[in-house]
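A.B. asks: Sharing a sequence plus its predicted fold:
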Amino acid sequence: MIPSGFIQDLLARTDVVAVVGRHVELKKAGINYKGLCPFHGEKTPSFIVSPSRQTYHCFGCGAHGDAIRFLTEHHGMSFIEAVKDLAQEAGISVPEDEASPAERAQAAEKREQQLGLIDVLEKAAEHYRKQLKSSPRAVAYLKGRGLTGEIAARFGLGYAPEGWRTLASVFPRYDDPALAESGMVIVQGQDEGKSEAEQKRYDRFRDRIMFPIRNVKGETIAFGGRVLDQGEPKYLNSPETPIFVKGRELYGLYECRSGLRAKGYALVTEGYMDVVALAQLGFPNAVATLGTACTADHVHKLLRFTDQVVFSFDGDAAGRRAAGRALEAALPHASDTRSFRFLFLPPEHDPDSYVREYGAEAFEAFVRNAVPLSRQLLDHAAVDCDLSSAEGRARMLSQAKPLWQALPDGALKLQLLGELALRGGLPADELARLWQVGGTPRERHDAEPAASPRHGHGSGGGERRNRWPRRDEGDGLPRPQGRRQAPKRPEDRVVQMLFGQPGWWHDLPADEHDLLHQLPPPHGTIIAWLERELAEHGVRPWAVIREALAADPELATDASALADGDADPGATPADLRRAMDTLLVRELGARLKALVAESATRRDALAEYRLVEPRWKEAKERLTATPSTD
């Protein structure tokens, strides 16, 4: 724990231009500096670093922060690591806060455990690299796959030799618990309660080409191993450990970050060898899932680097099923400004064999003609449906409904409604009416009884009318005695509800995500933290989130104040909708007033006004239609 006063002093001694400039090519642009954003793929610079404010901001993806935030976001450092890195450069020592000895010991133990596991894996990776050089058979295998020594070195490839206990020559203690905890050694009999003398230990990886799996900081956190000849399993991954969760990591993401910017899109494949071979053949933008289906965490992590993702699958039934899972993971993120496409290879090819046979240009053309998400959704919904019969069309619409509802609001969602109606043999307005029965956030608002119009529309009007959830609402959760007071500002209320129900973040449309990100600190900063928390760890309960916040001193105090000391699990989606609409009316109303003032000097202000006004009116109408119960 680091005192907040020290953080401010450290930032005052740090030049954000110098910190960012070590990783991004910056050019002077007036009083600021400009460059290509390192957080998403772009060809026209929209990333600004301000020496006067000591902050950076991207007008393309919304990334924003100070020197500490840049190191945590771009280089993958923890908050503490970033502070210590900057303090070392500034020549000052980092003090510790008034944490109890037990808390300090616990934090230190956790850090030591993680560093110990990484140290074990790094030593093993170095051992495997040396073994590769001395194994003509392993080198011949890689050369037979068309790989050069340069590409093997770039990805840190190695070889685990034959033998049951080869790592015993690498580590001074083969019975070191860290070897088992890191997944490098299997302990047989441990789960059966056998004594250490009765247990048998042996290497997990034997006679395999080794692919180190690195996190975004470049640290080895796990391995994947491929058999050289015949054998099962063909690929073997490390087990999950305190530093490795398969559903959150992508092989090759660390190595391909610059490739993502150069190509402008991410190519998601199914194997380690695909990633390495494609990098060799001119496609350094490929990543691979780690023996799991593509998850929402994978998609969210990729969208930090690019707005375009192409999923590559085999054309067989298994590939189609995998494409269905990737589609479901991508749908909540498929805004009007993002592109997801699906590439189905001929059964006899994987990506690198296709490139070798037909060439890089042919593969690039194949990628350009990949199936867009809209068509994939339509095809996926129509699986096993006879569209020539009324029953088949009804089944198709039933299968399409949850997919369509997962899309964020926008033009794509509206267009797909029309496409689905056409295929289902219904007028679009009839399908819209049919799907309103039962469910979406807008439908729940429509179903609520109307109320008399609110007074005081406009900036901030009605903010005090946000309803604090009633403690007698039947969600089965225990209720403390007494009635808590709701935060007065809608942005406070939104933060509190999202802390209590983090999964609701995915239900908000992209434009509302943007609005929350654009809120001034501390709200916008905390929203950005929460989105990263969801991307890296998935939905976790408030008790766990609170602990994660406590580990980030920069945010802990503000977050605790905004959440009124806790988060409320009893809030309903209608509560969140009302708070968001209150924010929308206020923020969009202010934007409309600004556009009116700018219209005399800015030619496109009126056009922007026409785009903003309908959203403002929709939010006002929803607020008018839903009564406050405070």
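C.D. replies: Looks like it arrived, so ask away. Model, not experiment: these values are computed from the prediction.
A.B. asks: Following the lengthiest helix in the chain in sequence, what is the next regular element?
C.D. replies: For the chain, the helix reaching the highest residue count under DSSP state H is reported as helix 101-133. Next in sequence after helix 101-133, counting helices and strands by DSSP states H and E, comes helix 136-144.
A.B. asks: what packs against that following helix?
C.D. replies: In this structure, helix 136-144 packs against helix 101-133, strand 208-214, with contacts taken as 3 or more C-beta pairs under 8 Å, 6 or more residues apart in numbering; DSSP states H and E. The C-beta positions use only the backbone N, C-alpha and C, and glycine is treated the same way.
A.B. asks: what mean pLDDT does it have?
C.D. replies: The predicted model assigns helix 136-144 a mean pLDDT of 94.
A.B. asks: Can you list the neighbours in contact with the helix or strand following it?
C.D. replies: Tracing the chain C-terminally past helix 136-144 and defining elements by DSSP H and E, one meets helix 149-154 next. By C-beta atoms under 8 Å, 6 or more residues apart in numbering, the surrounding residues in contact with helix 149-154 are 132, 142, 255, 276, 279, 280.
A.B. asks: and of those, the nearest to residue 409?
C.D. replies: Nearest to residue 409 out of these is residue 255 (C-beta to C-beta; 36.2 Å).
A.B. asks: Helix, strand, or coil at the closest residue to residue 94 other than its chain neighbours?
C.D. replies: With C-beta to C-beta, 6 or more residues apart in numbering as the criterion, residue 94 has its nearest non-adjacent residue at 4.9 Å, and that residue is residue 87. In three-state terms, and counting by DSSP: H, G, I helix; E, B strand; the rest coil, residue 87 is helix.
A.B. asks: What ranges does the stretch 401-550 of the chain have for its helices?
C.D. replies: Secondary structure of the stretch 401-550 of the chain (DSSP state H, counting those that start in this stretch): helices located at 411-424, 428-436, 441-447, 490-500, 510-517, 523-537, 542-550.
A.B. asks: and among those helices, the most buried is which?
C.D. replies: helix 490-500 (a mean of 25; mean count of other C-beta atoms under 10 Å).
A.B. asks: Can you list the neighbours in contact with stretch 177-195?
C.D. replies: Contacts of stretch 177-195 with the rest of the structure, by C-beta under 8 Å, 6+ apart, involve 116-117, 120-121, 124, 167, 171, 174, 198-205, 222-223, 238-239, 241-242, 244.
A.B. asks: buried subset of these?
C.D. replies: Using 16 or more other C-beta atoms under 10 Å as the burial test, the contacts of stretch 177-195 include 116-117, 120-121, 124, 167, 171, 201-205, 222-223, 238, 241, 244 as buried.
A.B. asks: Can I get stretch 250-259 in CSV? Just the C-alpha atoms.
C.D. replies: The C-alpha coordinates for stretch 250-259 follow below in CSV (Å, rounded to 0.1, in the frame of the first residue of the first chain):
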residue,chain,number,x,y,z
LEU,A,250,-4.1,-15.9,-25.9
TYR,A,251,-1.0,-17.5,-27.3
GLY,A,252,1.1,-15.0,-29.3
LEU,A,253,-0.6,-11.8,-28.1
TYR,A,254,2.6,-10.5,-26.6
GLU,A,255,4.6,-11.2,-29.8
CYS,A,256,2.0,-9.9,-32.2
ARG,A,257,1.1,-6.5,-30.8
SER,A,258,3.1,-4.6,-33.4
GLY,A,259,1.7,-7.0,-36.1
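A.B. asks: What is the burial count for the nearest residue to residue 412 once chain neighbours are set aside?
C.D. replies: Leaving aside its sequence neighbours, residue 412 sits nearest to residue 336 (C-beta to C-beta, 6+ apart; 5.5 Å). Around residue 336 there are 15 other residues, counting by other C-beta atoms under 10 Å.
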